[in-house]
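J.: any chance you can model this:
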Amino acid sequence: MGSETTSTAEITEPLINQTNPINNDDLSTESVPSWKEQITIRGLVVSAILGSLFCIITHKLNLTVGIIPSLNVAAGLLGFFFVKSWTALLSKMGFFTKPFTKQENTVIQTCVVACYGLAFSGGFGSYLLSMDENTYKLIGEDYPGNRAEDVINPGLGWMIGFIFVVSFLGLFSLVPLRKVMVLDYKLTYPSGTATAMLINSFHTTTGAELAGKQVSCLGKYLSISFFWSLFKWFFSGVGDSCGFDNFPSFGLTLYKNTFYFDFSPTYVGCGLICPHIVNCSVLFGAILSWGVLWPFISAQAGNWYPADLGSNDFKGLYGYMVFIAISLILGDGLYNLIKIISVTIKAMWQSSLTRRNLPVISEHKDKESSKLQLDEKKREEVFLKDGIPFWIAGSGYVCLAAISIATMPMIFPPLKWYLVLCSYIIAPALAFCNSYGTGLTDWSLASTYGKIGLFIIASLVGSNGGVIAGLAACGVMMSIVSTAADLMQDFKTGYLTLSSPRSMFISQLIGTAMGCIIAPLTFWMYWKAFDIGSPDGTYKAPYAVIYREMAILGIEGFSELPKHCLAFCIVFFLAALVINLLRDVVPPKVSQFIPIPMAMAVPFYIGAYFAIDMFVGTVILFVWERINKKDAEDYSGAVASGLICGDGIWTIPSAILSIFKIDPPICMYFGPSVSS
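T.: The predicted structure is shown next:
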């Protein structure tokens, strides 16, 4: 992003209280390899192997349950294991090997995440599969709007071409804002922070006493989290429909409204890392939606919408959930984007006198934290050293968009070039919203933003090809906002591990190129080996039917949404703007208690259960800070990262067991007693 200088202009209060990453030596004097040395041949080979493995796992989850956990932590761990094993073997054989640095470890993790991320954002279990003949027949040939002409069966050639022309744009869309997101707003990106702490712990030397204690703490809670997840698996039944993940902690009535504690170490860990205001905002959003709004709207079934609709039908309650959540997210995201642009223009206007660039948040430093300030200065220096010039990001986005605009109509004829152009004009704003929300809550809502593109384009094209055009536009939007959020999360990891942003960006490009080949190939393996989409088979691909029905609904436009849905959307969009304005104009001692709309919006769509988990984490941290503030500052990040890492690592053996059709032996189910 060109040359950047630090400023003291204050645009808002700090969004978070930064947890201290593991100090594995004196960072102020630590030698950092150049960005070229951080990218190695052995690292790329390991990335390709792990990327293939994770693509297989992601396809498996995508085609069965449709929910993909974050595998960042597992990528960092397995990358370390593979390279360390390889170098140890070569050393025993008498060969010289280059030292394995935490920067190289971070680059491998980044490359793997970029690769397997395309197995999700590529739509192999959602919008691409919605176009095939099986999904068309499942919905019904007589279903209004479901035309035989709107069928494109999977093909390896066109899928690889499609992924190539849409997957790189997201990497260029937000590069100029990396400093704003990571340094100025200091967003946590919990998975990225946890991954960084894990990588730092692997490469810790014996130079710092606190670092050793933090590593020990991380390892202990990682083990606890891993074995707790293993223990939970035995009771979870087929399809994870039972067990502790479905524990009615507050009774069966609240359980039906998703208010329960599901014993998830990941989200308890997120609660420990995220600031109190974020966790409280998430809980407030859960209470507002699942405690008040959805029960109220459900009571209007038969009046505002037909009472016999399925749980994923957009003409019913599901339509309210998705579009009201989108309204809150857009209101918050667009407000902050406009604020950043306006403050940046003002700062640049004054730069000739004040020598200021993008503003940063002023922080209140403890006088005794001089070493931490030096470490922070070192991280900022490395993060800003190898920037990606704005002209490269801008010209890259424009060139790739031009290629995509010319190519997309050849793959999907109903999607005209000017519709693709419109998508690429609004996509960066949505990418910012998604990256901002991911930084706050660790939830990437790429599929939600994809639905925005789907509805808008399908309604513009109409009945003559609107289904295919809408589904393709969904893919364009999902790819951009998903890869942008992944890149920003990896920038956070790189910032905490002293990795060059240039090496991170290039590894993302390489990983994306790998994913454009590996993701379609691994999906093709499933497509040829199994009956994908069969309601009676193992790989039901539940979201394929949902996305096609969404496209059919989109043809009729927003008028087909349930009664008062658009009115609710307008109210919540305006509410997000007003809340953000209040946060900026009132004194900091008041604004710290005003909820963040972006964080509030996530449980509207996801459910209240993870808000309970995060609130438990914030309560633990709050009590810990009152008992021993110094210990909380030193170890809360290590405890949180251990909880997230252990649960994340368990996803690998869990997915392997699922692939080999080894189901949990017990289904622990809760229901009302016979007497009641």
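
J.: who's in contact with the residue nearest the centre of the chain?
T.: Closest residue to the average C-alpha location of the chain: Ser444 at 2.9 Å, with CA atoms, centre = their mean. Applying CB atoms under 8 Å, 6 or more residues apart in numbering, we find Ser444 in contact with Asn434, Gly437, Thr438, Val481, Ser482, Ala485, Asp486. Heads up, the C-betas are built off the backbone N, CA and C, glycines and all.

J.: could you check how far it is from Gly319?
T.: 22 Å (CB to CB, to the nearest Å).

J.: surely Ser499 forms part of a strand?
T.: No: if the criterion is DSSP: H, G, I helix; E, B strand; the rest coil, then Ser499 is coil and not within a strand.

J.: how close does it get to Gly192?
T.: Here the criterion is CB to CB. By it, Ser499 lies 12 Å from Gly192.

J.: which neighbours do the two share?
T.: Residues touching both Ser499 and Gly192 (CB under 8 Å, 6+ apart): Thr493.

J.: next one: Pro265, what pLDDT does it get?
T.: Listed pLDDT for Pro265 reads 86.

J.: that one: how many residues sit nearby?
T.: A count of nearby residues for Pro265, using other CB atoms under 10 Å, gives 26.

J.: dihedrals phi and psi, it?
T.: The phi/psi pair for Pro265 (degrees, to the nearest 10) reads phi -60, psi -30.

J.: was I right to think it contacts Ile644?
T.: Yes: Pro265 is within contact range of Ile644, at 7.1 Å (criterion: CB atoms under 8 Å).

J.: now the common contact residues for those two.
T.: Common contacts of Pro265 and Ile644, defined by CB under 8 Å, 6+ apart, comprise Ser225.

J.: what strand or helix carries Ser31?
T.: Following DSSP states H and E, one finds Ser31 outside all helices and strands.

J.: no, scratch that, I was asking about Gly331
T.: Following DSSP H and E, the helix or strand that holds Gly331 is helix 317-349.

J.: and the pLDDT for Thr29?
T.: The confidence metric pLDDT takes the value 61 at Thr29.

J.: so where do the helices sit in the stretch 251-400 of the chain?
T.: Assigned by DSSP state H, counting those that start in this stretch, the stretch 251-400 of the chain shows helices spanning 252-256, 265-273, 276-286, 294-298, 317-349, 351-354, 370-385, 390-411.

J.: any chance of those in JSON lines, with distance to Ser463 too?
T.: Output for the helices of the stretch 251-400 of the chain, formatted as JSON lines (distance: least, CB to CB, whole Å):
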{"stretch": "helix 252-256", "distance to Ser463": "38"}
{"stretch": "helix 265-273", "distance to Ser463": "43"}
{"stretch": "helix 276-286", "distance to Ser463": "37"}
{"stretch": "helix 294-298", "distance to Ser463": "29"}
{"stretch": "helix 317-349", "distance to Ser463": "20"}
{"stretch": "helix 351-354", "distance to Ser463": "53"}
{"stretch": "helix 370-385", "distance to Ser463": "50"}
{"stretch": "helix 390-411", "distance to Ser463": "19"}
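
J.: and those helices, which one's lowest on average pLDDT?
T.: When these are ranked by mean pLDDT, helix 351-354 comes last with a mean of 46.

J.: quick one, which of the helices of the stretch 251-400 of the chain is nearest to Ser654?
T.: Closest to Ser654 of the helices of the stretch 251-400 of the chain, according to CB to CB: helix 265-273, at 12.9 Å.

J.: could you list the residues in contact with the closest one?
T.: Applying CB under 8 Å, 6+ apart, the external contacts of helix 265-273 come out as 19, 69-70, 188, 190, 193-194, 224-225, 228-229, 279, 441-442, 610, 613-621, 636-637, 639-644, 646-648.

J.: pretty sure Leu187 sits against Met181.
T.: Yes: assessed by CB under 8 Å, Leu187 is found in contact with Met181 at 5.6 Å.

J.: give me the more crowded residue out of those two.
T.: Higher neighbour count among Leu187 and Met181: Leu187, with 26 against 22, using other CB under 10 Å.

J.: can you tell me the closest non-neighbouring residue to the more buried one?
T.: Nearest non-adjacent residue to Leu187, counting by CB to CB, 6 or more residues apart in numbering: Gly439, 2.8 Å away.

J.: are we agreed that that neighbour is in a strand?
T.: No: when classified by three-state DSSP, Gly439 is found to be helix rather than part of a strand.

J.: could you check how far the closest residue to Cys242 other than its chain neighbours is from Leu582?
T.: Distances taken as CB to CB, 6+ apart put Cys667 closest to Cys242, at 3.9 Å, once the chain neighbours are dropped. Here the distance between Cys667 and Leu582 works out to 48 Å (CB to CB).

J.: now do Asn134
T.: Distance, Asn134 to Leu582, using CB to CB: 50 Å.

J.: more neighbours: these two, which one.
T.: Neighbour totals were compared for Asn134 and Leu582, and Asn134 leads with 18 against 12 (other CB under 10 Å).

J.: least trustworthy helix or strand in the chain by mean pLDDT?
T.: When each helix and strand of the chain is scored by mean pLDDT, DSSP states H and E, helix 351-354 comes last, with a mean of 46.

J.: identify the residues contacting the helix or strand harbouring Val83?
T.: Assigned by DSSP H and E, Val83 falls within helix 72-92. For helix 72-92, contacts defined as CB under 8 Å, 6+ apart pick out 42-43, 46-47, 49-50, 54, 97, 100, 104-106, 108-109, 112-113, 116, 191-192, 194-195, 198-199, 202, 489-490, 493, 644-645, 648-649, 651-652.

J.: please redo it, this time with the cut-off set to 7 Å
T.: 42, 46, 50, 54, 97, 100, 105, 108-109, 112-113, 191-192, 194-195, 198-199, 202, 644-645, 648-649, 651-652 (CB atoms under 7 Å, 6 or more residues apart in numbering).

J.: tell me the mean pLDDT for that helix?
T.: Mean predicted lDDT for helix 72-92 stands at 81.

J.: likewise stretch 599-613?
T.: Taken as a whole, stretch 599-613 carries a mean pLDDT of 83.

J.: separation between Phe247 and Asp262?
T.: 6 Å.

J.: no no, Asn336
T.: Counting by CB to CB, the gap from Asn336 to Asp262 is 31 Å.

J.: let me know how buried the residue lying closest to Thr448 once chain neighbours are set aside is, in neighbour terms.
T.: Using CB to CB, 6+ apart and skipping the chain neighbours, the partner closest in space to Thr448 is Ile326 (6.0 Å). The local packing of Ile326 (other CB under 10 Å) involves 24 other residues.

J.: from what I can see Ile326 touches Gly453, true?
T.: No: using CB atoms under 7 Å, Ile326 is not in contact with Gly453; the gap is 11.3 Å.

J.: quickly list what's touching both of the two.
T.: When contacts are counted by CB under 7 Å, 6+ apart, Ile326 and Gly453 have no shared neighbour.

J.: coming back round to it: show the buried residues in the contacts of helix 72-92.
T.: 42, 46, 50, 54, 100, 105, 108-109, 112-113, 191-192, 194-195, 198-199, 202, 644-645, 648-649, 651-652 (16 or more other CB atoms under 10 Å).

J.: of these, which belong to helices?
T.: 42, 46, 50, 54, 105, 108-109, 112-113, 191-192, 194-195, 198-199, 202, 644-645, 648-649, 651-652 (DSSP state H).

J.: one step back: overlap of the contact sets of Leu187 and Met181?
T.: Shared contacts of Leu187 and Met181 (CB under 7 Å, 6+ apart): Gly439.

J.: that older thread, next one, pLDDT for the residue nearest to Leu187 please.
T.: In this model, Gly439 is scored at 83, pLDDT.
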